[in-house]
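Chemist: Just the structure for this:
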Amino acid sequence: MWQAIKSVLAAFLGVQKDSRRREDFASERPGIFIVAGLLVGLVFVVLVALVAVMAAR
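Modeler: Predicted coordinates:
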């Protein structure tokens with residue numbers, strides 16, 4: 001799971017190596033990347049919302 005999260009974070013930032021991307025797409029378990037992507041996306045949205053709430057005070 002940690003490898004999937006690292007891969008998703010690299011993809012979010014746009015710094016993922018092409019060789020790593022190919023390995024990810026060749027994986028037999030795409031569901032773990034979907035779950036990791038949803039988790040990372042949710043954490044990002046929550047962090048942005050927290051920053052907006054703190055800035056509004």
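Chemist: how close does Arg20 sit to Trp2?
Modeler: With distances taken as Cβ to Cβ, to the nearest Å, Arg20 is found 14 Å from Trp2. Just so you know, the C-beta spots here come from the backbone N, C-alpha and C atoms, and that holds for glycine as well.
Chemist: do the same with Met54
Modeler: Distance from Met54 to Trp2, by Cβ to Cβ: 29 Å.
Chemist: Settle it for me: which of Arg20 and Trp2 has more neighbours?
Modeler: With neighbours defined as other Cβ atoms under 10 Å, Arg20 and Trp2 compare such that Arg20 has more, 14 against 7.
Chemist: Give me the neighbour count for Val35.
Modeler: Val35 has 15 nearby residues by other Cβ under 10 Å.
Chemist: in the chain, which spans are helices?
Modeler: 2-13, 18-26, 30-56 (DSSP state H).
Chemist: Could you give the number of residues near Glu28?
Modeler: Around Glu28 there are 5 residues (other Cβ under 10 Å).
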